[in-house]
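Enquirer: make a model of this:
(one chain, ligands or ions: 1)
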Amino acid sequence: MKIDVNHLSKTYKNKKVLDDLSFTLTEPKIIGLLGRNGAGKTTFMEILAGHILASEGAIRINGANPFDNQRLTESICLIQETNNFKAELKVKNVLQIYAYFYPTWDQALADELIRKYQLDPDAKVKALSKGMASALGIIVGLASKAPITIFDEPYIGLDAAARKTFYDQLLDEYESEKRTIILSTHLIDEVSLMFEDVLILQNGKLVLKEEAEQLRHRAYAVSGSAEDVEAFIQDKEIIHSEAFTGVMTAYVYGSMEQAKATGLSVESIPIQKLMIYLTEEKEAQ
Ligand SMILES: Nc1ncnc2c1ncn2[C@@H]1O[C@H](COP(=O)(O)OP(=O)(O)OP(=O)(O)O)[C@@H](O)[C@H]1O
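Expert: Predicted structure coming up:
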């Protein structure tokens with residue numbers, strides 16, 4: 001499904017929490033939506049899922065506005081950090097409701113995941129531990145098979161093994177049937193290898209939209225004597241730099257090959273670090 005974000009802004013009282021976002025997502029991909037606390041990620045995902053209205057601009061999915069549009073929202077599943085389901089419902093009732101709502105629902109997958117996460121179908125949502133409530137969200141998100149599936153930090157309370165089950169299952173599902181998966185997470189190092197595109201928000205603005213493969217190749221750290229590094233970076237796009245006792249490290253966006261040819265020490269930058277540097281730099285401006 002084609003997602004067109006066109007001059008999208010959202011204001012709460014006087015605070016602009018999304019500020020003139022414009023971009024397009026055309027093909028099914030796994031997209032990392034990153035940014036510091038309060039950057040606007042959840043607000044963006046809620047508008048995309050049709051839960052809330054934009055203040056200005058619009059999101060169009062295959063040309064239509066998702067707000068209050070059931071035909072469209074049955075193609076979108078948003079799983080949030082908490083409170084996805086009514087407390088009084090039993091696990092099996094939650095699954096029935098979503099199975100009814102999503103035309104693409106995969107009951108066999110839901111059953112398999114219920115077993116994997118050892119959820120009791122007769123347990124009430126309010127009796128689930130945090131990790132089990134997260135597991136139920138993950139099960140609904142994956143089994144929905146919604147062409148746009150959005151996970152907003154869906155792993156609260158899940159231990160490392162249970163998170164790995166989620167990542168593995170998500171990749172399996174994606175490999176067998178491509179769909180747009182948007183994943184917002186603060187555990188970037190755990191999942192960044194899954195990302196195909198990366199979006200970074202800072203104070204409601206889009207500071208980066210790039211293919212993850214490009215980032216892995218084009219964002220790098222170069223270190224050496226302050227003199228040599230300074231000479232090298234003169235005409236480069238610098239994300240961040242730091243110097244300590246005559247040794248300088250600069251984080252550069254550009255051709256890594258050129259840096260390697262200089263004999264300076266060159267390393268790629270993990271996406272987690274890149275996000276921190278990019279958002280730090282903007283804050284300081
Ligand atoms: N309903 C609301 N009313 C007023 N302000 C809100 C509302 N929802 C969000 N905000 C504000 O909008 C800003 C962006 O919040 P949002 O939850 O979208 O950020 P986020 O990037 O998801 O943050 P986090 O990583 O902490 O979850 C914050 O300053 C938040 O306080």
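Enquirer: what packs against the helix ranked longest in the chain?
Expert: Ranked by residue count under DSSP state H, the longest helix found in the chain is helix 160-176. Here helix 160-176 touches helix 107-116, helix 130-144, helix 188-191, going by 3 or more Cβ pairs under 8 Å, 6 or more residues apart in numbering; DSSP states H and E. Placement of C-beta: from N, CA and C, glycine included.
Enquirer: may I have it exported as CSV, CA atoms only?
Expert: What follows is helix 160-176, C-alpha atoms only, in CSV (Å, rounded to 0.1, in the frame of the first residue of the first chain):
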residue,chain,number,x,y,z
ALA,A,160,15.4,-11.3,25.8
ALA,A,161,14.3,-14.8,24.8
ALA,A,162,10.7,-13.8,24.2
ARG,A,163,11.8,-10.7,22.3
LYS,A,164,13.9,-13.0,20.1
THR,A,165,10.9,-15.1,19.4
PHE,A,166,9.1,-12.0,18.3
TYR,A,167,11.9,-10.9,15.9
ASP,A,168,12.3,-14.3,14.4
GLN,A,169,8.6,-14.7,13.9
LEU,A,170,8.3,-11.3,12.4
LEU,A,171,11.1,-12.0,9.9
ASP,A,172,9.5,-15.4,9.0
GLU,A,173,6.2,-13.8,8.4
TYR,A,174,7.8,-11.0,6.4
GLU,A,175,9.8,-13.4,4.2
SER,A,176,6.7,-15.5,3.5
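Enquirer: please enumerate the helices of the stretch 1-150 of the chain.
Expert: Counting by DSSP state H, counting those that start in this stretch, the stretch 1-150 of the chain has helices at residues 41-48, 70-73, 91-101, 107-116, 130-144.
Enquirer: now do the buried residues in the third one.
Expert: Under the neighbour-count criterion of 16 or more other Cβ atoms under 10 Å, helix 91-101 has 91, 93, 94, 95, 98, 99 buried.
Enquirer: turn these into JSON lines, including distance to the ligand.
Expert: As requested, these are exported to JSON lines (distance: Cβ to the nearest ligand atom, whole Å):
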{"residue": "91", "distance to the ligand": "26"}
{"residue": "93", "distance to the ligand": "28"}
{"residue": "94", "distance to the ligand": "23"}
{"residue": "95", "distance to the ligand": "27"}
{"residue": "98", "distance to the ligand": "23"}
{"residue": "99", "distance to the ligand": "29"}
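Enquirer: from those residues, pick the one nearest residue 57.
Expert: Taking Cβ to Cβ as the measure, residue 57 lies nearest residue 98 of the buried residues of helix 91-101, at 30.2 Å.
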